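Enquirer: With the sequence up front, the predicted model follows.
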Amino acid sequence: MESIEDRLERLEYYQSIILPLLGDKLSPFYQLIMDAQLTKKEVDDLLRICEELSIEYKKQKAEGFVGFAPLLTQFVGMLHPRLHPETTIDVLAKERKYTPLMNEFKGIIDKINL
């Protein structure tokens, strides 16, 4: 009987063969997840964080807030350590996930990088 380690090693090898074949067909979001080797729970946590911050962003926007750097700080602080904040924001914006929030974050980062 094949060990779990042998099966896992084979699956990782197959994945390493298949991913380059997908090239541009692979969603940038899924590529980000695989590059960072995130688990399903870690991806679910990322999406939950984005959902919560998106709701908070809409609430603050409706209340007349104009500065959202604290939300960006919170996002960065809660982000998985294997995810780079700017890359993650760019990928989520490109995929049109949480668009208003990600565009706001991109604007803040652009101002910082000037």
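Expert: Looks like it arrived, so ask away.
Enquirer: Name the single longest helix found in the chain.
Expert: The residue-count maximum for a helix in the chain (DSSP state H) belongs to helix 40-62.
Enquirer: any idea which residue sits dead centre in this structure?
Expert: Central residue of the chain (CA atoms, centre = their mean): Thr88, 4.2 Å from the mean position.
Enquirer: and the one helix or strand Arg10 maps to, C-alpha only, in CSV?
Expert: If you go by DSSP states H and E, Arg10 is part of helix 4-22. Extracted C-alpha coordinates of helix 4-22, given in CSV (Å, rounded to 0.1, in the frame of the first residue of the first chain):
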residue,chain,number,x,y,z
ILE,A,4,0.4,9.2,2.4
GLU,A,5,3.8,10.9,1.9
ASP,A,6,4.3,9.1,-1.4
ARG,A,7,0.9,10.1,-2.6
LEU,A,8,1.4,13.7,-1.5
GLU,A,9,4.8,13.9,-3.2
ARG,A,10,3.2,12.5,-6.5
LEU,A,11,0.4,15.0,-6.3
GLU,A,12,2.8,17.9,-5.8
TYR,A,13,4.8,16.7,-8.7
TYR,A,14,1.7,16.5,-11.0
GLN,A,15,0.7,20.0,-9.9
SER,A,16,4.2,21.3,-10.7
ILE,A,17,3.7,19.9,-14.2
ILE,A,18,0.2,21.1,-14.8
LEU,A,19,0.4,24.7,-13.5
PRO,A,20,2.9,25.9,-16.1
LEU,A,21,0.7,24.4,-18.9
LEU,A,22,-2.2,26.6,-17.7
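Enquirer: Quick one: mean pLDDT over that helix.
Expert: For helix 4-22, mean pLDDT rounds to 88.
Enquirer: Residues contacting it, please?
Expert: Here helix 4-22 makes contact (CB atoms under 8 Å, 6 or more residues apart in numbering) with 26, 34. No exception for glycine: its C-beta is placed from N, CA and C like everyone else's.
Enquirer: ok, and the helix or strand in the protein with the lowest average confidence?
Expert: In the chain, no helix or strand scores lower on mean pLDDT, DSSP states H and E than helix 4-22, which sits at a mean of 88.
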